[in-house]
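A.B. asks: My questions are about this predicted structure, shown below with the sequence.
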Amino acid sequence: VQLVESGGGSVQAGGSLRLSCAASDRTFRNYDMGWFRQAPGKEREFVAAISFKGDKTLYSDSVKGRFTISRDNAKSTMYLQMNSLASEDTAVYYCNSLYSGGFDSTTNPNLYDDWGQGTQVTVSS
């Protein structure tokens with residue numbers, strides 16, 4: 001499934017952004033999905049994941065309580081609502097479909113070779 005990220009931008013610390021991940025076809029509904037990010041000079045890291053039904057979610061400790069992942073399978077789109085943004089959230093954000101098998105084993109970004117262009121989020125303090 002082809003994925004396109006959007007919604008990034010520049011905000012001040014404390015602000016909010018909503019990212020979208022649009023899928024090319026309806027097979028989207030069959031996949032667990034995840035958000036990842038890569039800051040300058042750092043490795044890509046896991047941010048959040050959601051099950052294919054949308055009934056299970058997982059967050060990295062760094063974003064828990066500030067970010068909310070959701071999906072609309074009818075629109076083949078996943079979202080990431082980001083609140084209380086901080087400078088350390090500055091990164092390129094990517095979405096990806098996850099392998100089946102449960103979040104404990106599928107949220108390592110090194111498992112995946114194919115990535116989209118991502119969307120840049122810049123938070124100024």
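C.D. replies: Cool, the structure landed.
A.B. asks: Tell me which residues touch the residue nearest to the spatial centre of the chain, please.
C.D. replies: The centre of the chain sits closest to W35, judged by Cα atoms, centre = their mean, with a distance of 2.0 Å. By Cβ atoms under 8 Å, 6 or more residues apart in numbering, the residues touching W35 are L19, C21, V47, A48, A49, I69, M78, L80, Y93, Y94, C95. C-beta here means a position set from N, CA and C on the backbone, and glycine is covered the same way.
A.B. asks: how does it look with 7 Å?
C.D. replies: Taking Cβ atoms under 7 Å, 6 or more residues apart in numbering as the criterion, W35 is in contact with V47, A48, I69, L80, Y93, C95.
A.B. asks: Between the residues you listed, which sits nearest G9?
C.D. replies: Taking Cβ to Cβ as the measure, G9 lies nearest Y93 of those, at 11.1 Å.
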